[in-house]
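Trainee: Need coordinates for the following:
(one chain, ligands or ions: 1)
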Amino acid sequence: MKALVRRPGPRLADGLLTHLERQPVDVARAEQQWAGYVEVLRVHGWEVIEVPPANDCADAVFIEDTMVAFDDLVVISLPGAPSRRPETAAVAVTLAGLGYEPLRIQAPGTLDGGDVLKVGRTVYVGLGGRTNAAGTAQLAAHLGTRGATVVSVPCTKVLHLKSAVTALPDGTIIGWPDAVDDPSVFPKFLATPEESGAHVVLLGGDQLLMADDCPESAAMFRALGYHPVDVPIGEFQKLEGCVTCLSLRLRD
Ligand code: CIR
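Mentor: Predicted coordinates for the structure are as follows:
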């Protein structure tokens, strides 16, 4: 299990905002929070690989958006926001160094990794923000070669599909209802009591990496037999980030 991460740069506070009002971001605190997040990955057995920083790109720390991994395939995204497109080059170089031959989303397609939720062989792709139909079709063609089924789902209330929903290890889709366009597209949906409670990174086994500001959701997962591990990520949440977007997980 490898996780790619990218440390926050000096321009972090200028990151893009779509649904939130701008608030001051404490870059020093963000660096501490990022280090804490990375340490949790390490402690849970992930080999952490740092992609060289992109200090000109305010949003580069949100590395999940630059790529999709599925089985042995990696697909470099074409971010919907033009300012984020320079982020992908160094990610592709790092992946090539790890032995991958990255495929690419091509214009006019756009796709952000944060819009892609994998649940077994089903891959949900959020449509409505940064990802368009052409990008979704290209991803479907790539992942179809590995037997994946891509399901396009609406995503208009939050930045990315994974800002609205993620999945528990048993495949249950979890989401904060106000952020989800249509819960009925998911076979098994469980509402979370807090917005950030909808965001989990599967660390392995029963362990769920979560933000530390959603205690009721953590209690709900505990009651289901899972083990939440919480981290403070408030500086990144101010920029519409969540726990998923701070790493790229390669599970092969
Ligand atoms: C952006 O607007 O692109 C960044 N400020 C936040 C990206 C968060 N990414 C994610 O949730 N996958």
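
Trainee: got a list of contacts for stretch 199-209?
Mentor: Applying Cβ atoms under 8 Å, 6 or more residues apart in numbering, the external contacts of stretch 199-209 come out as 1, 37, 40-41, 44-46, 162-163, 166-169, 174, 210-211, 221, 225-231, 242-244, 247, 249. The C-beta positions use only the backbone N, C-alpha and C, and glycine is treated the same way.

Trainee: CA atoms only: put that stretch into PDB for me.
Mentor: In PDB, the C-alpha atoms belonging to stretch 199-209 read as follows (Å, rounded to 0.1, in the frame of the first residue of the first chain):
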ATOM      1  CA  HIS A 199     -15.500  11.600   4.400                       C
ATOM      2  CA  VAL A 200     -13.500   8.500   5.300                       C
ATOM      3  CA  VAL A 201     -10.200   7.100   4.000                       C
ATOM      4  CA  LEU A 202     -10.100   3.400   4.400                       C
ATOM      5  CA  LEU A 203      -6.800   2.800   6.200                       C
ATOM      6  CA  GLY A 204      -7.100  -1.000   6.000                       C
ATOM      7  CA  GLY A 205      -9.100  -3.500   8.100                       C
ATOM      8  CA  ASP A 206     -11.700  -1.700  10.200                       C
ATOM      9  CA  GLN A 207      -9.700   1.500  10.500                       C
ATOM     10  CA  LEU A 208     -11.300   4.700   9.100                       C
ATOM     11  CA  LEU A 209      -9.300   8.000   8.800                       C
END
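
Trainee: That stretch close to the ligand?
Mentor: No: counting by Cβ under 6 Å from any ligand atom, no contacts exist between stretch 199-209 and the ligand, the nearest distance being 8.3 Å.

Trainee: do stretch 34-52 as well
Mentor: No: against the ligand, stretch 34-52 shows no contacts by Cβ under 6 Å from any ligand atom, the least distance being 13.5 Å.

Trainee: just to revisit the earlier point, from the contacts of stretch 199-209, which would you call buried?
Mentor: 37, 40-41, 44, 46, 162-163, 166-169, 174, 210-211, 221, 226, 228-231, 242-244, 247, 249 (16 or more other Cβ atoms under 10 Å).
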